[in-house]
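> no sequence for this one, just the structure:
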C-alpha cells in the first residue's frame, strides 16, 4: 500500500471514530430519563462526574423558578411547582410497594436501606415485623397519615426500635444523651430529652426531607407546617431546630442514595425534592430567619 492510500485509510478511520463519539453525545443529551434509567432497577456504574453531566436534564423542571427569588417568594414558587407536578399521591398502606423502588439496596436484591443508618435489610412489603414507616416530620406535629403523612419523598422505612427511640423529638445536636439501638445494635444516633441527633451520614438527608415537607406542606398549604428555631415543641405543627438543620444541610452534601431516591420518588409521584437538586434553596428561604440562621448561611 502506497503512502497516499495509507493516509486516506487513516483519515477514514479517524472520521468514523469522531462520528461515533458525536452520536453517543447526542444520544445522551437527548435522553431525559438517562439518570432515572441508570439508577432504578439496575445499579448505576456512573462516577460522580458522570452524574453531574447526567443530572442536568432535570434543570428544565425548575425553569419557572426565578434565580433571584428569596425567602417567602421562593418557597411560594416551589410550592406552586409541587402542586403542578405532584400528580400521584401515595397512600400510607401503599408505601409497602414504594419502598422497594425508592429505598432499594442496589447491591442486594430484595433488601431496602433503612432511615438514619442506611442498614440493608430484607423487606417483603409487610410492616408487621421489625420495619415500619418513619415520619421524619412526626405524625403528632401536624402530618397525619395522608398528604405529607404518606408522601414518598418524606416517609422512610425504619427499624422499629430506632423509630421508637426517636419518637416525635425535634432535631438538634445532643450534648448529653444516649445512643439509640437498631435491632439490638447500638448506633451513632443520639437521643436527648428534647431532641434527636441523627448520625453524621444521615444529617444532611434528614435536613433536606424536613425542608421539603416545610415547603410543600407549609404556610401556602392547608397543613400550615412550619420549621422553627427551637426544640421541645411537642405536638402541634412546628418542628425544629432550623439553624441546626441549615448547618447540617451545608456540612453534609447530597449523596448518591439521596439522588437515586429523588429520581425514584419522581417516577412514582411526578414531583421532586428541590433541596436535593438545589441545597442552596434552604438558605435562600430560611437563611434570614434570625441571627443564628444568618450566621450559618452567610
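Thanks, I have it. This structure is a prediction, so every number in the text was calculated from the model and none was measured.
> ok now stretch 80-92, how far from the chain's centre?
16 Å (C-alpha atoms, centre = their mean, to the nearest Å).
> ok, and what's touching that stretch?
61-62, 64-65, 98, 133, 145-147, 149-152, 215-216, 268-272, 274 (C-beta atoms under 8 Å, 6 or more residues apart in numbering). Just so you know, the C-beta spots here come from the backbone N, C-alpha and C atoms, and that holds for glycine as well.
> and these, which of them are buried?
Buried members of the contacts of stretch 80-92, scored by 16 or more other C-beta atoms under 10 Å, are 62, 98, 133, 147, 149-152, 215-216, 268-269, 271-272, 274.
> strand partners of the lengthiest strand in the chain, parallel vs antiparallel please.
For the chain, the strand that runs over the most residues, judged by DSSP state E, is strand 185-191. According to DSSP bridges, strand 185-191 forms sheet pairs with strand 178-182 (antiparallel), strand 195-197 (antiparallel).
> I'd like the average pLDDT over the first one.
This points to strand 178-182. Across strand 178-182, pLDDT averages out at 97.
> likewise stretch 291-298?
98.
> mind checking how far the closest residue to residue 138 other than its chain neighbours is from residue 241?
Using C-beta to C-beta, 6 or more residues apart in numbering and skipping the chain neighbours, the partner closest in space to residue 138 is residue 168 (3.8 Å). Residue 168 is 14 Å from residue 241, where distance means C-beta to C-beta, to the nearest Å.
> what about these two, which has more around it?
residue 241 (22 against 16; other C-beta atoms under 10 Å).
> ok, residues contacting stretch 190-204?
Against stretch 190-204 from outside (C-beta under 8 Å, 6+ apart): 115-118, 165-167, 169-180, 187-189, 206, 231-232, 241, 248-249, 251-255, 258, 279.
> among the strands paired with strand 185-191, which is the most enclosed?
strand 195-197 (a mean of 22; mean count of other C-beta atoms under 10 Å).
> for that one, what is the distance to the chain centroid?
Going by C-alpha atoms, centre = their mean, where strand 195-197 is centred and where its chain is centred differ by 19 Å.
> beyond that strand, next helix or strand please.
Where DSSP states H and E defines the elements, the next helix or strand beyond strand 195-197 is helix 200-216.
> what about the strands in the stretch 1-150 of the chain?
Secondary structure of the stretch 1-150 of the chain (DSSP state E, counting those that start in this stretch): strands located at 111-113, 120-122, 131-134.
> quick one: low-confidence parts of this protein?
1-57 (pLDDT under 70).
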